[in-house]
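1. sequence unknown, structure follows:
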DNA sequence: CGAGTTATGTATTGTTCAGTTCAAAACGCG
DNA sequence: CGCGTTTTGAACTGAACAATACATAACTCG
């Protein structure tokens, strides 16, 4: 019927995501997005209705990829609850070590967006982040409760508080990483964090 | 000799700091800075040589204010080491609860800048943040060692790791706050964090 | 009061921004 | 092949950006 696209929308979205991740929303220009995706401006505006729309879809793509992978680790019942949280931390450390640009860690797009969002107001992105946090907290709570049953978590704190703590700890590790902390340092932070769970 | 300024440089710097804190570096326009400070463009460019320079001085002002106040709490030898860390957390929680705009916590300018900095490259700001982190870690390490002596901190981890952990925890609390966590939630995160120190 | 100096307001600079326009190119289908 | 539809590239739009130029205002000191 008509001229077909000569690019893969998913690939373009992934490239855009990487750019936003690296530079942040405000600092990313539409020109940057053209270069990163290899698309012309027309193709971008034909496919995504605005920079903001593209950002929101990139963020959704990121959340989908990352959180799904992390939750899979948390739900792997072959290991104890504490070991699953340990594995989650290891995953975070690996991610921070791996994703770097200009010698600096890129951190995490959800954390970066949470921080940058206080400035902008993109209620759609805010809603996505809230839903993601809620999803993560739900699973973390369940893991903590399971850990109490299997004996790997002995903290007397209620599961909600512990889940919040674990989630905050991940954010703290990501910020520390962006602040220059190396792998060894992140690993030691993770270890001390786990101490709080075995009380 | 000449016409005197009719504004207070310190006040202007403070207003600029607040704006950068609220909106971030990229999202703050020179127009925003004029309105926030009440100065004309000429006065701003006459006093500070560029937006970046103004930002760096605002950041220095923030670090000077905040870190100094926090370190004062940490060095108050009237209380045990653990209590001082508790007081530090309370201070962070108060700050997050207090500084809000548009219903959202502003977080912390150093954390916000650390995150946004991965994008830009302002080596001067980066150096300031590194020095600040180093300063905080030094004091935290000393407090942890003191806590081991006075018995209020029983964690067997080495002081450096514990200090890193505490610093990361603060970052995590600030991100959580920007993500919508309320005072009660932040307080519970702080409590669980302290559990890691009393092992 | 007037010469010298600095601060300030207004107008303007050139650049970059997100987004649009439009004609030409590239396909599917009859 | 050629019509209808969509994609694509290049040129362009007006607005916002950081920063400057310059004339005038405001002050100190002689």
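-> Received the coordinates, thanks. On a predicted model such as this, the values are computed, not experimentally measured, just so you know.
2. next, the residue of chain A found nearest chain B: phi, psi?
-> Residue nearest to chain B within chain A: residue A:172 (3.0 Å; C-beta to the nearest C-beta). Every C-beta, even on glycine, is put in place using the N, C-alpha and C of the backbone. The phi and psi values for residue A:172, taken as degrees, to the nearest 10, are phi -60, psi -40.
3. separation between residue A:121 and residue A:127?
-> According to C-beta to C-beta, to the nearest Å, residue A:121 and residue A:127 sit 12 Å apart.
4. for residue A:101, same thing?
-> Residue A:101 is 28 Å from residue A:127, by C-beta to C-beta.
5. other SSEs contacting the longest helix belonging to chain A?
-> If you go by DSSP state H, chain A has its longest helix at helix A:123-150. Applying 3 or more C-beta pairs under 8 Å, 6 or more residues apart in numbering or on different chains; DSSP states H and E, one finds that helix A:123-150 contacts helix A:51-74, helix A:81-98, helix A:109-117, helix A:159-178.
6. would you turn these into JSON lines with mean pLDDT?
-> Shown next, in JSON lines, are those (pLDDT from 0 to 100):
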{"stretch": "helix A:51-74", "mean pLDDT": "98"}
{"stretch": "helix A:81-98", "mean pLDDT": "98"}
{"stretch": "helix A:109-117", "mean pLDDT": "96"}
{"stretch": "helix A:159-178", "mean pLDDT": "98"}
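7. ok, now which ones touch the residue of chain A closest to chain B?
-> Residues near residue A:172 by C-beta atoms under 8 Å, 6 or more residues apart in numbering or on different chains: A:189, B:167-173, B:175.
8. which residue comes closest to it once chain neighbours are left out?
-> Nearest non-adjacent residue to residue A:172, counting by C-beta to C-beta, 6 or more residues apart in numbering or on different chains: residue B:172, 3.0 Å away.
9. skipping adjacent residues, who's closest to residue A:62 in space?
-> residue A:109 (4.5 Å).
10. let me know whether the one you found touches residue A:19 as I believe.
-> No. Using C-beta atoms under 8 Å, residue A:109 is not in contact with residue A:19, being 10.6 Å away.
11. so which of those two has more stuff around it?
-> residue A:109 (24 against 21; other C-beta atoms under 10 Å in any protein chain shown).
12. which positions in chain A make contact with DNA strand D?
-> A:1-7, A:39-43, A:46-47 (C-beta under 7 Å from any atom of the strand).
13. neighbour-wise, which one of those leads?
-> Ranking the residues of chain A next to DNA strand D using other C-beta under 10 Å puts residue A:39 first, with 23 neighbours.
14. that one against residue A:7, yeah?
-> Yes. Because the distance of 6.0 Å satisfies C-beta under 8 Å, residue A:39 is recorded as touching residue A:7.
15. quick one on the thing from earlier: can you say which of the contacts of residue A:172 are buried?
-> Listed as buried from these are A:189, B:167-173, B:175; burial here means 16 or more other C-beta atoms under 10 Å in any protein chain shown.
16. closest one to residue A:115 out of these, please.
-> residue B:175 (6.5 Å; C-beta to C-beta).
17. the nearest residue to the closest one once chain neighbours are set aside and residue B:177: what is the separation?
-> Leaving aside its chain neighbours, residue B:175 sits nearest to residue A:171 (3.9 Å; criterion: C-beta to C-beta, 6+ apart). Plainly put, residue A:171 is 10 Å away from residue B:177 if you go by C-beta to C-beta.
18. quick one: pLDDT of residue A:41?
-> Looking at residue A:41, its pLDDT is 97.
19. correction: the previous question concerned residue A:153.
-> 98.
20. which residues sit in contact with it?
-> Contacts of residue A:153 by C-beta under 8 Å, 6+ apart are A:81-82, A:144, A:147, A:162, A:197-198.
21. try it again at 10 Å.
-> Residues in contact with residue A:153 (C-beta atoms under 10 Å, 6 or more residues apart in numbering or on different chains) are A:80-82, A:85, A:143-147, A:159, A:162, A:194, A:196-199.
22. gap between it and residue A:196?
-> Applying C-beta to C-beta to residue A:153 and residue A:196 gives a distance of 10 Å.
23. shared neighbours of these two, anything?
-> residue A:162.
24. picking up where we left off before, list the contacts of the residue nearest to residue B:175.
-> By C-beta under 10 Å, 6+ apart, the neighbours of residue A:171 are A:92, A:107-108, A:110-111, A:114-115, B:111, B:168-169, B:171-176, B:178-179.
25. excluding its backbone neighbours, what's nearest residue A:150?
-> residue A:80 (5.4 Å).
26. phi, psi of that neighbour?
-> Per degrees, to the nearest 10, the backbone of residue A:80 is at phi -70, psi 160.
27. okay, it: pLDDT?
-> In this model, residue A:80 carries a pLDDT of 98.
28. kindly report the same for residue A:119.
-> pLDDT, residue A:119: 68.
29. now do the one 3 residues further on
-> pLDDT recorded at residue A:122 is 88.
30. ok, it to DNA strand C distance?
-> According to C-beta to the nearest atom of the strand, to the nearest Å, residue A:122 and DNA strand C sit 12 Å apart.
31. same check, this time on residue A:92
-> 30 Å.
32. I'd say that residue and residue A:186 touch.
-> Yes. Between residue A:92 and residue A:186 a contact is recorded at 7.8 Å, counting by C-beta atoms under 10 Å.
33. shared neighbours, those two?
-> A:173-174, A:177.
34. quick one, what contacts residue A:85?
-> A:73-74, A:79, A:140, A:143-144, A:147, A:152-153, A:162, A:166, A:169, A:190, A:193-194, A:197.
35. among the residues you listed, who's most crowded?
-> residue A:169 (30 neighbours).
36. that one contacts residue B:168, doesn't it?
-> Yes. Counting by C-beta under 10 Å, residue A:169 touches residue B:168, with 7.1 Å between them.
37. so which of the buried ones among the contacts of residue A:172 is the closest to DNA strand D?
-> residue B:175 (25.4 Å; C-beta to the nearest atom of the strand).
38. is it correct that residue A:49 falls within a strand?
-> No. Membership of residue A:49 in a strand is not supported by DSSP: H, G, I helix; E, B strand; the rest coil, which gives coil.
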